[in-house]
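A.B. asks: fold the stuff below for me.
(4 chains)
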2 protein chains.
Amino acid sequence: MARGKLTTVSQDPVSQDPVSQDPMSQEQLSQDQPFERTHFVEEVGLMFETVGLPRMSGRLFGALLISNPPYQSNRDLAEMLQASKGSISTMTRLLMQIGLIERVSFSGDRRDYFQIKPQAWAHMTKQRMTQITAFRHLAEQGLKLLADEPPKLTSRLQEMYDIHAFLERELPLLDQRWAQEQAQELHHS
Amino acid sequence: MARGKLTTVSQDPVSQDPVSQDPMSQEQLSQDQPFERTHFVEEVGLMFETVGLPRMSGRLFGALLISNPPYQSNRDLAEMLQASKGSISTMTRLLMQIGLIERVSFSGDRRDYFQIKPQAWAHMTKQRMTQITAFRHLAEQGLKLLADEPPKLTSRLQEMYDIHAFLERELPLLDQRWAQEQAQELHHS
DNA sequence: TAGTCTGTTCAGTACGTACTAAACATTTAG
DNA sequence: CTAAATGTTTAGTACGTACTGAACAGACTA
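C.D. replies: Just a heads-up that it's a prediction; the model follows:
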């Protein structure tokens, strides 16, 4: 199966972290504040549901937010989350498509590992933009349907059009400002 | 049952528009470009699904975007959308809770009518803000769980925190800019 | 070559959502 | 008082989603 571009790193992941040996399991969620960690993972799952994503994808993401090391294999995630490998496979693919996680591999280890993509949330803005453009376009369609009608009938669509056109203009600028703040943070560090 | 605050308008809605008489029906979607109108309504339905709302709520909203008059009763909507009154009742309540539509009544007419709320999309921003705050809060929880851990482990959560804190600061300002543009539009008109 | 390990795919299914139609409650008209 | 009109509520159910577990494919090791 053709893979996305893999990031290959030379260090051996397993030997870096004794907890992940033999094997990575529920131990990790349990290491301290076990209840709080499991609760956090479930909360992220519920939060993902509110934005229309499957709960399991959120739980997976939540696990990767707090896992040590910050990358886990399919099997690791299945054990941590008490889920089937098939479900993990489907959800990791979804999160990669969205741009929230990426696959990494290590020389001498044939397992795939998944980690949160740097600047992942910025990628979410791209999807938000796609949505806004789609709404703006729908408003245009609606305005065409009501061509020649008085403003009393078209104002609802005009408002939908105007606000989405405004966001289409402004959100990329906000993105740039965010990127600049990030760059300044790096300079300060 | 206690109702939300009702807007009561003195003009009689039915006598204003012959198409809505005896009765409001599929005729309205059919009046011109019948296929395009139905298609538009379905597209809005699908779009609402992408943001996690029921398809029927989107179809209802789409119908109200292009209906003439721009307010319709439960029964009108049920006929236009070929849906049950129960479904319309549930979906109108949902859209009112979200802040996208409102209920209006007319003296001498005991039917309730629903119309798109002016500045409806601005209300959507409130919900977006609630979501952002929830994500920022979750990131804080995660950072607490990883207190005393090195940046290698906390950077994922720090980035999630930083971008949501940034949006929490900036989106209200964007909202204000939008409101100012609207005010200027009104002055120009 | 056979066995093992890993992740993917697929058939099957549990579960939740969202719809219908009927019953109901309220209001108004005859 | 009864009938009609309107919208709400509820029980029932169709349907789609998202999960499991088994089968599978590929790669590696002994």
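
A.B. asks: can I see the domain layout of chain A?
C.D. replies: Listed by automatic domain parsing, the domain ranges of chain A are A:7-116, A:120-188.

A.B. asks: tally of neighbours for residue A:107?
C.D. replies: 10 (other C-beta atoms under 10 Å in any protein chain shown). (Each C-beta comes from the backbone N, C-alpha and C, glycine too.)

A.B. asks: repeat for residue A:97
C.D. replies: If we define neighbours as other C-beta under 10 Å, then residue A:97 has 10 of them.

A.B. asks: what helix or strand is it located in?
C.D. replies: helix A:85-98 (DSSP states H and E).

A.B. asks: for residue A:157, same thing?
C.D. replies: Using DSSP H and E, residue A:157 sits within helix A:151-188.

A.B. asks: on that earlier part again, pick the most deeply packed of the domains of chain A.
C.D. replies: domain A:7-116 (a mean of 17; mean count of other C-beta atoms under 10 Å in any protein chain shown).

A.B. asks: before we move on, the earlier item: does any part of the helix holding residue A:97 sit near DNA strand D?
C.D. replies: Yes: Helix A:85-98 is in contact with DNA strand D by C-beta under 7 Å from any atom of the strand, via A:85, A:86, A:87, A:90, A:91.

A.B. asks: which neighbouring elements make contact with the longest strand seen in chain A?
C.D. replies: If you go by DSSP state E, chain A has its longest strand at strand A:109-116. Counting contacts by 3 or more C-beta pairs under 8 Å, 6 or more residues apart in numbering or on different chains; DSSP states H and E, strand A:109-116 packs against helix A:55-66, strand A:71-73, helix A:74-81, helix A:85-98, strand A:101-106.

A.B. asks: now do the last one: distance to the chain's middle.
C.D. replies: This points to strand A:101-106. 14 Å (C-alpha atoms, centre = their mean, to the nearest Å).

A.B. asks: who does that strand pair up with?
C.D. replies: strand A:7-9 (parallel), strand A:109-116 (antiparallel) (DSSP bridges).

A.B. asks: of the ones you listed, which is nearest DNA strand D?
C.D. replies: strand A:109-116 (4.8 Å; C-beta to the nearest atom of the strand).

A.B. asks: so for the closest one, mean pLDDT?
C.D. replies: The average pLDDT within strand A:109-116 is 91.

A.B. asks: can you list the low-confidence ranges for chain A?
C.D. replies: For chain A, the stretches with pLDDT under 70 are A:1-33, A:187-189.

A.B. asks: interface residues of it facing DNA strand D?
C.D. replies: Near DNA strand D, when you scan chain A using C-beta under 7 Å from any atom of the strand, you find A:54-57, A:82-87, A:90-91, A:110.

A.B. asks: let's go with 6 Å and repeat that
C.D. replies: Within reach of DNA strand D by C-beta under 6 Å from any atom of the strand, chain A has these residues: A:54, A:55, A:56, A:83, A:84, A:85, A:86, A:87, A:91, A:110.

A.B. asks: coming back round to it: please see if the helix holding residue A:97 touches DNA strand C.
C.D. replies: Yes: Helix A:85-98 is in contact with DNA strand C by C-beta under 6 Å from any atom of the strand, via A:85, A:86, A:89, A:90, A:92.

A.B. asks: which one of those is nearest to DNA strand D?
C.D. replies: residue A:86 (2.5 Å).

A.B. asks: correct me, but residue A:65 touches residue B:159?
C.D. replies: No: judged on C-beta atoms under 8 Å, residue A:65 makes no contact with residue B:159 at a distance of 10.1 Å.

A.B. asks: which residue does chain A have closest to chain B?
C.D. replies: Nearest residue of chain A to chain B: residue A:52, at 3.6 Å (C-beta to the nearest C-beta).

A.B. asks: I'd say that residue and residue B:47 touch.
C.D. replies: No: counting by C-beta under 8 Å, residue A:52 does not reach residue B:47; the two are 11.9 Å apart.

A.B. asks: chain neighbours aside, what residue packs nearest to the residue nearest to the spatial centre of chain A?
C.D. replies: Centroid-nearest residue in chain A, with C-alpha atoms, centre = their mean: residue A:100, separated by 2.9 Å. Leaving aside its chain neighbours, residue A:100 sits nearest to residue A:120 (4.7 Å; criterion: C-beta to C-beta, 6 or more residues apart in numbering or on different chains).

A.B. asks: need the phi and psi values for residue A:107.
C.D. replies: Note on residue A:107: backbone dihedrals following degrees, to the nearest 10 are phi -60, psi 140.

A.B. asks: for it, give its distance to residue A:166.
C.D. replies: Look at residue A:107 and residue A:166: by C-beta to C-beta, to the nearest Å, they are 50 Å apart.

A.B. asks: with residue A:103 instead?
C.D. replies: With C-beta to C-beta as the criterion, residue A:103 and residue A:166 are 37 Å apart.

A.B. asks: quick one: stretch A:35-48 near DNA strand C?
C.D. replies: No: shown here: stretch A:35-48 not in contact with DNA strand C (C-beta under 6 Å from any atom of the strand), separated by at least 11.1 Å.

A.B. asks: that stretch and chain B, are they touching?
C.D. replies: Yes: interface with chain B: stretch A:35-48 contributes A:36, A:37, A:40, A:43, A:44, A:47 (C-beta under 8 Å from any C-beta of the partner chain).

A.B. asks: any chance of the residues you listed in TSV, plus secondary structure?
C.D. replies: As requested, the residues of stretch A:35-48 next to chain B are arranged in TSV below (DSSP: H, G, I helix; E, B strand; the rest coil):
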residue	secondary structure
A:36	helix
A:37	helix
A:40	helix
A:43	helix
A:44	helix
A:47	helix
